[in-house]
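J.: Would you be able to build a 3D model of this:
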Amino acid sequence: MRDRKAAEAFGGFGEKLATLLLVLKGYRIVARQYRSPVGEIDIIARRGRVLIFIEVKARKTAATAETAITTQQCTRIERAASAFIQNRPDLAHLDMRFDAFLIIRGHWPIHIVDAWRPGY
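T.: So this is what the prediction gives:
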């Protein structure tokens, strides 16, 4: 139980850190912790004409962080992105991109731009 709470706290810290770094890089945060019946998205941001759906993974080691995003999870995030766009038609004209943020204890965060493409 204690390990789970510590992992959740580290995950929350990771999402806040990723949000801060995105803002400092010029991204505008549109939503955080977006949930729909088909999935959830940690951060939704906009930069210019691109709407970015970002998955944040906070892990103890680089090896566990790199393998933390599965194909099934990507599919759920893509479905949640479609649900988000249906609820926000004002953003439907924007290009979409899927990024990942890896937060590894003791290391500088890694922002993977265009981490995956839908359907691959």
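
J.: Need the contact partners of the longest helix along the chain.
T.: With secondary structure taken from DSSP state H, the chain has its longest helix at helix 2-24. If you take C-beta atoms under 8 Å, 6 or more residues apart in numbering as the criterion, helix 2-24 is touched by 29, 32-33, 42-43, 45, 54, 56-58, 101, 103, 105, 109, 111. To be clear about C-beta, it is placed using only N, CA and C from the backbone, and glycine gets the same treatment.

J.: Of those, keep whichever come out buried.
T.: Burial of the contacts of helix 2-24 was assessed by neighbour count (16 or more other C-beta atoms under 10 Å); the buried members are 32, 42-43, 45, 54, 56-58, 101, 103, 111.

J.: Columns distance to residue 21, pLDDT and secondary structure on top of the residues you listed, output as TSV?
T.: As requested, the buried ones among the contacts of helix 2-24 are arranged in TSV below (distance: C-beta to C-beta, whole Å; pLDDT from 0 to 100; DSSP: H, G, I helix; E, B strand; the rest coil):
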residue	distance to residue 21	pLDDT	secondary structure
32	14	96	strand
42	13	96	strand
43	10	98	strand
45	11	98	strand
54	11	97	strand
56	10	94	strand
57	14	90	strand
58	13	85	strand
101	8	92	strand
103	10	89	strand
111	7	95	strand
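
J.: All set now, cheers.
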